[in-house]
Structures are given as C-alpha cells and as structure tokens.
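Trainee: give me a model of this one.
(one chain, ligands or ions: 3)
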Amino acid sequence: MRLILLGPPGAGKGTQASAIVEEYAIPHISTGDIFRENIKKGTELGKKAKEYMDKGLLVPDELVISIVEDRLQKEDCKEGFLLDGFPRTLNQGEALDKVLSQMGLKLDRVINLDVEKEILIGRAIGRRICKDCGEVYHIKFTPPKEEGICDKCGGKLHQRDDDTVETVERRIEVYHKQTEPLIDYYREKGLLLDIDGSKDKDSIFEEIAKALGK
Ligand code: ADP
Ligand code: ADP
Ligand code: ZN
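Mentor: Numbers count the residues shown, from 1 in each chain. Ligands and ions are numbered 1, 2, ... in the order given. All right, here's what the predicted structure looks like:
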C-alpha cells in the first residue's frame, strides 16, 4: 500500500501514521521526523532546516525532495510506504509523481485529515514527545501515567520548539497557502480519502482502515 497522510499541523498525522504502519506493515516516512533527527545530530541539513522550522515556515523544496527520493529507493519501500508530512507543496507533489512514475509505481490513497483551527492549536500546544523513543503524548488527551515521563521507556518528555501558539498559528497559515492546494490536486486524481480528524483517535483509525481495506 502506497499512502500519503495530508493534514494541518496537529491534525493527528503522526498518531494515525503509527497505527496505519503497524496494520499494513509499511515504513513510516515523516519528513518532520527526519529533520528533527538531523537537528539532534547537528548535521548541516539539520542546521539549515531548523532556521525555517523555528519560524513555522516550510523548509525549501530542494532540501526536502531529494531526501524523500532517496528514501523511496530503499529496500523496505518495495511493498509500500506511508508518507507523513510530505508532499507539502504542489511542487513537491509533482516531484513525487515524477519519481514514482520513474519507478513504475502509483499511489493508492491520499488520506486527508480535516480538523478545525481551534482544535489544532489545542492539540499542538499540549503535545509532548519522549526524548528517547519519540512516543507522542498529549497533556490532556493522552497523558503519561507519571507527569513528564514516558510510559514506554521512562525517558523525559519535552515540547517541540515549534509548538508555541505563535508558531502553530503561522504553521496553520502556511498550510492554507502552500499545502491545501494539494487537496484538489489529489481529489482530481481520484485518490483523496476525506476523514473527519476531530473525533477520537481510535474512531479515526477505524474509519481509515475500513476505507483502505486489507
Ligand atoms: P501531527 O503529526 O498532524 O502534527 P500528532 O499526531 O502529533 O499530529 O498529534 C498532535 C497532538 O494531538 C498530539 O499530542 C497527539 O497526542 C494529539 N492527538 C492526536 N490525535 C488526536 C485525537 N484524535 N484526539 C485528541 N488528541 C489527539
Ligand atoms: P506538523 O505537521 O505537526 O506541523 P511536521 O513534523 O510534519 O509537523 O513538520 C515540522 C516542520 O518541519 C514543518 O513546520 C516544516 O518546517 C518542516 N517540514 C516537514 N516536512 C516538510 C516538507 N515536506 N516540506 C517543507 N518543510 C517540511
Ligand atoms: Zn519513551
């Protein structure tokens, strides 16, 4: 299964991605995670990406596209993949089409998680992430058993630098301007699966799984 998860910041892409990749046994490719790993390691790419991410802006296409192109050539993508947070511009969408067609592959579905702005801000501001294993929590909706500590590995939870009210609002604006046009792009190709992302995470996953089949 070759899938894309589309949706504004805080919509629940990462949360649904975890459940989807487990169900369909495909790799989870999150460009946001790739950048954050590079920032942690202090690579050149990480340094460049951080400048944009901290401002709530998109990292330039030329830095993102080649990373995804390389990742898709890896052995584990043979049976499928889930792209989370890519493409985010029409230009990235067209580049993806090109590389997939060169590989003789086609996308199966584009899952569009739709969530209204007030909910998005609350979700992003309350998000906490384990420094060690990457598990995602929410201080209200999915709190850890012990405050600030990961249930899975005991690691410390932290807040993303870009999960402040100001930056989340900027990211939502950027989403409307630069990413939303992809909804029509994929709708016209007959690939779009519209999902109401305001429900609880299990109901959302059930709806996605039902639509995708097995
Ligand atoms: P995205 O990857 O789209 O930015 P995440 O999956 O990281 O979104 O979710 C953002 C925050 O909202 C996280 O703290 C997550 O635990 C929480 N969350 C995700 N899905 C739901 C949901 N359906 N209901 C309530 N909270 C959710
Ligand atoms: P979210 O969906 O919660 O906003 P992500 O983790 O997907 O978060 O992305 C975090 C940041 O990483 C984005 O605000 C942007 O700066 C950068 N980024 C991630 N994916 C892309 C992409 N495909 N193109 C450009 N920038 C990206
Ligand atoms: Zn952990």
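
Trainee: contacts, neighbours, all on C-alpha from now
Mentor: OK.

Trainee: how about the helices in the chain?
Mentor: 13-24, 31-41, 44-53, 61-72, 90-102, 117-125, 165-174, 181-188, 201-212 (DSSP state H).

Trainee: let's have those helices in a markdown table, adding distance to ligand 3.
Mentor: Listed next are these as a markdown table, based on distance: least, CA to the ion, whole Å:
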| stretch | distance to ligand 3 |
| --- | --- |
| helix 13-24 | 14 |
| helix 31-41 | 15 |
| helix 44-53 | 22 |
| helix 61-72 | 25 |
| helix 90-102 | 32 |
| helix 117-125 | 19 |
| helix 165-174 | 24 |
| helix 181-188 | 34 |
| helix 201-212 | 20 |
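
Trainee: can I get these in TSV including distance to ligand 1?
Mentor: Formatted as TSV, these follow (distance: least, CA to the nearest ligand atom, whole Å):
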stretch	distance to ligand 1
helix 13-24	4
helix 31-41	9
helix 44-53	13
helix 61-72	17
helix 90-102	18
helix 117-125	4
helix 165-174	10
helix 181-188	15
helix 201-212	4
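
Trainee: possible to save those helices as JSON lines with mean neighbour count and mean pLDDT?
Mentor: Shown next, in JSON lines, are the helices of the chain (neighbours: other CA atoms under 10 Å; pLDDT from 0 to 100):
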{"stretch": "helix 13-24", "mean neighbour count": "17", "mean pLDDT": "96"}
{"stretch": "helix 31-41", "mean neighbour count": "16", "mean pLDDT": "95"}
{"stretch": "helix 44-53", "mean neighbour count": "16", "mean pLDDT": "97"}
{"stretch": "helix 61-72", "mean neighbour count": "15", "mean pLDDT": "96"}
{"stretch": "helix 90-102", "mean neighbour count": "16", "mean pLDDT": "97"}
{"stretch": "helix 117-125", "mean neighbour count": "17", "mean pLDDT": "96"}
{"stretch": "helix 165-174", "mean neighbour count": "18", "mean pLDDT": "97"}
{"stretch": "helix 181-188", "mean neighbour count": "15", "mean pLDDT": "98"}
{"stretch": "helix 201-212", "mean neighbour count": "14", "mean pLDDT": "97"}
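
Trainee: need those helices in a markdown table (columns: distance to R109).
Mentor: Shown next, in a markdown table, are the helices of the chain (distance: least, CA to CA, whole Å):
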| stretch | distance to R109 |
| --- | --- |
| helix 13-24 | 13 |
| helix 31-41 | 18 |
| helix 44-53 | 27 |
| helix 61-72 | 17 |
| helix 90-102 | 13 |
| helix 117-125 | 23 |
| helix 165-174 | 23 |
| helix 181-188 | 9 |
| helix 201-212 | 8 |
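
Trainee: nearest to E146, of these?
Mentor: For those, the distance to E146 is smallest for helix 117-125, at 19.0 Å, taking CA to CA.

Trainee: contacts for stretch 91-100 next, please.
Mentor: D61, I65, E69, F86, P87, K106, L182 (CA atoms under 8 Å, 6 or more residues apart in numbering).

Trainee: at 7 Å instead, please
Mentor: D61, I65, E69, P87, K106 (CA atoms under 7 Å, 6 or more residues apart in numbering).

Trainee: now, which of these sits nearest G14?
Mentor: Closest to G14, out of all of these and judged by CA to CA, is P87, at 14.6 Å.
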